[in-house]
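Student: pasting the sequence and the predicted model now:
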Amino acid sequence: MMTRPSTLLLLHAARALLGLRSSRPKTLRQVSTLESPKTATRRSGLSFLPPSTIKRAEAGNPIEKNKLKKGGDAAWTDVYDFAAQIRAGTLDYDQIEDFDINQRLKWVGMLSRFKKTPGRFMMRLRTPNGIVKSDTLRLFADTLKPYGDIGVLDITTRQNIQLRGLTLEDGADLTLKLHADHNMTSFQSALDNARNVVGSPLAGLDDKELVDTRPIANAINDLISLDKETGQRGNPQFGHLGRKFNIAVSGGRDDFAHTYINDIGLEPVPHRETGEIGFNVVVGGPVSASFLRWRSDTYDRSRHRRDLTASPAQALCPSSALPSPCPWTCGCPPLHTR
């Protein structure tokens with residue numbers, strides 16, 4: 001919420017990710033595309049923050065103080081209330097709190113673009129591993145077609161999709177359809193949330209891959225964006241992270257997912273004796289010890305292209321905690337886990 005996560009926190013998060021099952025959850029509640037979901041009792045995302053973070057926010061800038069007044073996860077129900085009132089003619093955009101329009105609705109993936117296109121939003125989705133079905137693409141095309149030239153679909157560098165030119169009302173309807181019929185969401189795709197989970201672009205096709213990253217990326221996405229208590233999209237436990245929190249899973253040695261520039265990267269490695277596939281964990285991305293060295297006056301900046309990468313986890317793990325010799329075949333001393 002306030003700062004980039006510490007490397008130790010990233011390491012704990014990585015351990016949690018490695019315990020995931022790859023199957024889709026059976027608890028995802030089906031919601032009618034014609035009705036907004038029933039308001040379920042769930043904890044506010046702010047309740048998961050430690051007191052030290054709350055204290056920093058109270059003394060922070062106006063944006064952080066506004067988040068404490070009403071957490072961004074409130075937008076997961078507010079967006080449907082706003083849409084219903086706008087359609088009924090009882091609410092105009094200028095009557096909605098400015099912080100809701102420009103900040104909180106980002107928790108729904110709705111980013112205001114009022115300066116250039118008044119009354120329009122850009123909707124950012126969550127497309128784990130960049131996989132999207134043809135019927136979902138047709139839904140996007142049908143949604144954007146009435147908007148003419150301002151209705152645009154972007155494909156991003158994180159294997160994601162963004163829809164430009166939407167009204168809030170159409171955006172709210174689209175989330176309901178995605179949740180009910182496409183097992184997809186736009187929730188938690190912007191601001192203080194983890195970004196789209198990147199996997200190998202050749203998953204399932206690369207004859208040299210060690211793991212198929214698609215089910216792993218799906219499982220991580222569900223961990224982040226699915227509330228296990230309510231069965232609905234929007235997980236308050238992961239709703240107030242550092243901005244642009246990035247996770248990537250590589251399928252093989254070629255590392256097409258570029259794990260080393262992500263906050264958490266999972267690299268598959270086989271066991272020397274059994275051949276079992278485990279994961280080498282890299283954490284920190286560019287905000288790592290090597291980056292801090294690069295920023296110092298004594299660091300040789302001529303080497304920064306090679307060294308601006310994630311910190312190997314052995315920086316946090318004493319050598320006594322590692323097996324010797326290491327049974328995994330990655331050829332380096334970072335922490336290995338399965």
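Tutor: Right, received. Where do you want to start?
Student: per-residue pLDDT, Phe279?
Tutor: pLDDT for Phe279: 89.
Student: right, and it touches Pro268 too?
Tutor: Yes - because the distance of 5.9 Å satisfies Cβ atoms under 8 Å, Phe279 is recorded as touching Pro268. Where you see a C-beta, it was placed from the backbone N, CA and C, and this is true even at glycine.
Student: looking at these two, which is more packed in?
Tutor: With neighbours defined as other Cβ atoms under 10 Å, Phe279 and Pro268 compare such that Phe279 has more, 25 against 21.
Student: quick check on that one: phi, psi?
Tutor: phi -130, psi 130 (degrees, to the nearest 10).
Student: now it, nearest residue through space, not along the chain?
Tutor: Counting by Cβ to Cβ, 6 or more residues apart in numbering, Leu266 is the residue found nearest to Phe279 once chain neighbours are left out, at 4.5 Å.
Student: same deal with Leu163?
Tutor: Leaving aside its sequence neighbours, Leu163 sits nearest to Met123 (Cβ to Cβ, 6+ apart; 4.5 Å).
Student: quick check: which ranges of the stretch 151-300 of the chain have low pLDDT?
Tutor: Residues of the stretch 151-300 of the chain meeting the criterion pLDDT under 70: 286-300.
Student: can you verify my assumption that Arg113 contacts Met123?
Tutor: No - applying Cβ under 8 Å as the test, Arg113 and Met123 come out as separate, 10.3 Å apart.
Student: which neighbours do the two share?
Tutor: Here Arg113 and Met123 share the contacting residues Arg164, scored by Cβ atoms under 8 Å, 6 or more residues apart in numbering.
Student: who has more neighbours, the two?
Tutor: Between Arg113 and Met123, Met123 has the larger neighbour count (other Cβ under 10 Å), namely 26 against 16.
Student: name the SS class of that one, please.
Tutor: Of the three states, Met123 takes strand under DSSP: H, G, I helix; E, B strand; the rest coil.
Student: which residues touch it?
Tutor: By Cβ under 8 Å, 6+ apart, Met123 lies in contact with Gly109, Met110, Leu111, Gln162, Leu163, Arg164, Leu166, Gly171, Leu174, Ser186.
Student: for Glu169, see how far away the second one is.
Tutor: Okay, so that is Met110. 11 Å (Cβ to Cβ, to the nearest Å).
Student: so for the two, which sits in the more crowded spot?
Tutor: Using other Cβ under 10 Å, the more surrounded residue of Met110 and Glu169 is Met110, with 29 against 16.
Student: that one pairs with what?
Tutor: Beta-bridge partners recorded for Met110 (DSSP bridges): Met123.
Student: tell me which residues touch it, please.
Tutor: Contact partners of Met110, counting by Cβ under 8 Å, 6+ apart, are Ala75, Val79, Phe121, Met122, Met123, Leu166, Leu168, Gly171, Ser186.
Student: now with 6 Å, please.
Tutor: For Met110, the contact set (Cβ atoms under 6 Å, 6 or more residues apart in numbering) comprises Phe121, Met123, Gly171.
Student: what score does it have for pLDDT?
Tutor: 98.
Student: then the one 5 residues further on?
Tutor: The per-residue pLDDT reported for Lys115 equals 92.
Student: please point out which parts of stretch 242-262 sit buried.
Tutor: Across stretch 242-262, burial judged by 16 or more other Cβ atoms under 10 Å covers 242, 244-252, 255-257, 259-262.
Student: same thing with stretch 125-140?
Tutor: Applying 16+ other Cβ under 10 Å to stretch 125-140 flags Leu125, Arg126, Thr127, Pro128, Asn129, Gly130, Ile131, Val132, Thr136, Leu139, Phe140 as buried.
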